[in-house]
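Trainee: Sequence first, predicted model second:
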Amino acid sequence: MSQMTRAKFTIIDPLLPGSGRGVKFSDVAGAKEAKQEVMEFVDFLKNPDKYRTLGAKVPKGALLLGPPGCGKTLLAKAVATEGQIPFLAMNGSEFTEMIGGLGAARVRDLFKEAKKRAPCIVYIDELDAIGRQRSSGQSGFDGGSGESEQTLNQLLVEMDGIGSKEGVVLLASTNRLDILDKALLRPGRFDRHIMMDLPNQEERREIFEHHLKSIVLQKPASYYSRRMASLTLGFSGADIANVVNEAALHAARYGKKVVSALDLEYAVERVVGGTEKRSQLFEKMCMALGGRVAESLVFNRVTTGAQNDLEKVTKMAYAMVRTFGFSDAVGLVSYPEEESREFGVRPYSDNLEAVMEKEVSSLIFSAYKKTEEVLQSNMDKLKLLAEALLQKETLNYDDVKAVLGPMPHANKVLVEP
Ligand code: ADP
């Protein structure tokens, strides 16, 4: 794959000699629907007449949405390889480091180059860095005016000037749809949204299989992937790649010739610890319980609306007790989720099962109490938010900030078990 960085942006052109293998769809494990959806864009570019003769208006861009490390960039690169078309990439934050109108000039340059290389794909990673809402007080990185507005305006102008006729489509990624300027989301601009969420258990198995292939294992990759997937609830693709690498480093540290299950399980613990997933899970339980607790505090009764949240909370509590070694009574052990047990056999005794159930109930109880405490001491804020929601139906990050003020201790874990 020929890749050059022209100081401004990265260009990958699979058609140039010596361009190598490139990222393929098979490198993006799981994400079947997302793959199909992005491939449509390649078809728009390669067979524009098929759509034009039917009078169809072809979308100009798609937003890849989802948390970091879930394969958005990987997917965008794979589209270029699979479609055999050039790929011009730039990170949103690179536009914003510019001063004196350079950000806007860079956007112009990027699209000029793209039109020269058409048909091609332009990819902007972290679109939110350039596409934040304009003129919303303190939300802009330079006060919502001047440089950043010029850059965003230029992007809107360029988007209006591309399409299947020009042979350029735009892909961009963000995890902050809520703060994007509405103009970016109007019909004819980023009106297609493709979700790349955290992988489910089966997807995690596929991602493990993929990454395990690149290290030397004691047994075939399929021997480990199912159990590893069941131990890694809430992990992103990047976390999984990290686990596999940590396992190989661990094996090497002990002079081993092959990586074994012990190395992999050690690596999960390390990545969990490293990313503070344990306390994050407890916080997430509290967040999921928020609706239920608020109903009972304010109306003194609960509705069935929170059932889905309760299911999530229960799953999280089981994962913490059974998989992440969170409970002292159960100990630092890790058992797979029910669906993935070998021959459906439970790998522990009835006694331990009873202890786990007790621990799960008490964990949910303490999350409930903690949530109650937090809401009770912030009842004024709860009321303000409820009133704002009645007026506006949905609130984005900036709206919430306007109602509640800036988040206290932004970098600290707020709720601890
Ligand atoms: P994002 O753009 O969503 O932040 P990336 O595409 O940069 O995430 O992913 C970072 C790394 O994580 C990839 O290079 C890859 O090693 C791994 N990864 C993420 N998602 C997947 C996936 N679905 N299949 C295989 N590897 C993945």
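Mentor: The structure has been received and is ready for your questions.
Trainee: since we're on Gln296, how many residues are nearby?
Mentor: Gln isn't right for residue 296; it's Ser. By the measure other C-beta atoms under 10 Å, the count of residues near Ser296 is 16. Any C-beta I mention is one placed from the backbone N, CA and C, and that applies to glycine too.
Trainee: same deal with the one 5 residues further on?
Mentor: Arg301 is surrounded by 7 other residues when neighbours are defined as other C-beta under 10 Å.
Trainee: got a list of what the residue in the chain positioned nearest to the ligand touches?
Mentor: The minimum distance from the chain to the ligand, using C-beta to the nearest ligand atom, falls at Gly237 (2.2 Å). Gly237 is in contact with 29, 69-71, 74, 199, 207, counting by C-beta atoms under 8 Å, 6 or more residues apart in numbering.
Trainee: same check, this time on Asp128
Mentor: By C-beta under 8 Å, 6+ apart, the neighbours of Asp128 are 92, 174-176, 179-180.
Trainee: Just the CA atoms of stretch 212-226, as CSV, please.
Mentor: The C-alpha coordinates for stretch 212-226 follow below in CSV (Å, rounded to 0.1, in the frame of the first residue of the first chain):
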residue,chain,number,x,y,z
LEU,A,212,-4.7,-14.1,18.0
LYS,A,213,-3.6,-15.2,14.5
SER,A,214,-0.7,-12.8,14.6
ILE,A,215,1.0,-14.3,17.8
VAL,A,216,2.5,-17.7,18.5
LEU,A,217,0.0,-19.7,20.6
GLN,A,218,0.2,-22.9,22.5
LYS,A,219,-3.1,-24.1,20.9
PRO,A,220,-5.2,-23.0,17.9
ALA,A,221,-6.7,-19.5,18.2
SER,A,222,-10.3,-20.9,18.3
TYR,A,223,-9.3,-22.7,21.5
TYR,A,224,-9.0,-19.4,23.3
SER,A,225,-11.3,-16.9,21.5
ARG,A,226,-14.6,-18.0,23.0
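Trainee: ok now stretch 53-72, how far from the chain's centre?
Mentor: Counting by C-alpha atoms, centre = their mean, to the nearest Å, stretch 53-72 is centred 15 Å from the centre of its parent chain.
Trainee: Wondering if it reaches the ligand at all.
Mentor: Yes. Applying C-beta under 6 Å from any ligand atom, one finds stretch 53-72 touching the ligand at 68-72.
Trainee: rewinding a little: okay if I get the contacts of Asp128 as JSON lines plus distance to the ligand?
Mentor: Listed next are these as JSON lines, based on distance: C-beta to the nearest ligand atom, whole Å:
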{"residue": "Gly92", "distance to the ligand": "12"}
{"residue": "Thr174", "distance to the ligand": "10"}
{"residue": "Asn175", "distance to the ligand": "8"}
{"residue": "Arg176", "distance to the ligand": "13"}
{"residue": "Ile179", "distance to the ligand": "17"}
{"residue": "Leu180", "distance to the ligand": "17"}
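Trainee: Mind giving me the ChimeraX command for buried ones among these?
Mentor: A single ChimeraX command selects the buried members of the contacts of Asp128 (16 or more other C-beta atoms under 10 Å):
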select :92,174,175,179,180
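Trainee: Adding secondary structure and pLDDT, write the contacts of Asp128 out as JSON lines.
Mentor: Below are the contacts of Asp128 laid out as JSON lines (DSSP: H, G, I helix; E, B strand; the rest coil; pLDDT from 0 to 100):
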{"residue": "Gly92", "secondary structure": "helix", "pLDDT": "85"}
{"residue": "Thr174", "secondary structure": "strand", "pLDDT": "92"}
{"residue": "Asn175", "secondary structure": "coil", "pLDDT": "86"}
{"residue": "Arg176", "secondary structure": "coil", "pLDDT": "84"}
{"residue": "Ile179", "secondary structure": "helix", "pLDDT": "84"}
{"residue": "Leu180", "secondary structure": "strand", "pLDDT": "90"}
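Trainee: Pick the one among the contacts of Asp128 closest to Val400.
Mentor: Ile179 (11.0 Å; C-beta to C-beta).
Trainee: The closest one and Leu389: what is the separation?
Mentor: In this view, Ile179 and Leu389 are 18 Å apart by C-beta to C-beta, to the nearest Å.
Trainee: What about the contacts of Gly237, which one has the most neighbours?
Mentor: Ile207 (30 neighbours).
Trainee: is it true that that residue touches Pro199?
Mentor: Yes. Assessed by C-beta atoms under 8 Å, Ile207 is found in contact with Pro199 at 6.0 Å.
Trainee: Mutual contacts of the two, please.
Mentor: 29-30, 237, 240.
Trainee: Most widely separated two among those?
Mentor: Gly30 and Ile240 (10.6 Å).
Trainee: Residues of the stretch 51-200 of the chain that sit close to the ligand?
Mentor: 68-74, 173, 196.
Trainee: and which of the contacts of Asp128 is nearest Arg270?
Mentor: Nearest member of these to Arg270, counting by C-beta to C-beta, is Asn175, at 24.5 Å.
Trainee: Please tell me I have it right and that closest one contacts Leu64.
Mentor: No. At 9.8 Å, Asn175 does not count as touching Leu64 under the criterion of C-beta under 8 Å.
Trainee: Go through the residues of the stretch 51-200 of the chain next to the ligand and flag which are in strands.
Mentor: With DSSP state E as the criterion, strands contain Ser173 from among those.
Trainee: Select from the residues of the stretch 51-200 of the chain next to the ligand every entry located in helices.
Mentor: Within these, residues falling in helices by DSSP state H are 72-74.
Trainee: I'd like to know which helix or strand in the protein has the lowest mean pLDDT.
Mentor: Ranked by mean pLDDT, DSSP states H and E, the weakest helix or strand in the chain is strand 2-5, scoring a mean of 47.
Trainee: Tell me which helix or strand comes right after that one.
Mentor: strand 10-13 (DSSP states H and E).
Trainee: Report the mean per-residue pLDDT for that next one.
Mentor: For strand 10-13, the mean per-residue pLDDT is 82.
Trainee: could I have that strand exported to PDB, CA atoms only?
Mentor: Extracted C-alpha coordinates of strand 10-13, given in PDB (Å, rounded to 0.1, in the frame of the first residue of the first chain):
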ATOM      1  CA  THR A  10      -2.400  11.100   4.400                       C
ATOM      2  CA  ILE A  11      -3.000   9.600   1.000                       C
ATOM      3  CA  ILE A  12      -3.500   5.900   0.500                       C
ATOM      4  CA  ASP A  13      -3.700   4.900  -3.200                       C
END
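Trainee: Which other helices and strands does the following helix or strand past that strand contact?
Mentor: Later in the chain than strand 10-13, the nearest helix or strand by DSSP H and E is helix 32-46. With contacts defined as 3 or more C-beta pairs under 8 Å, 6 or more residues apart in numbering; DSSP states H and E, the packing partners of helix 32-46 are strand 61-65, helix 72-83, strand 120-125, strand 168-174, strand 192-195.
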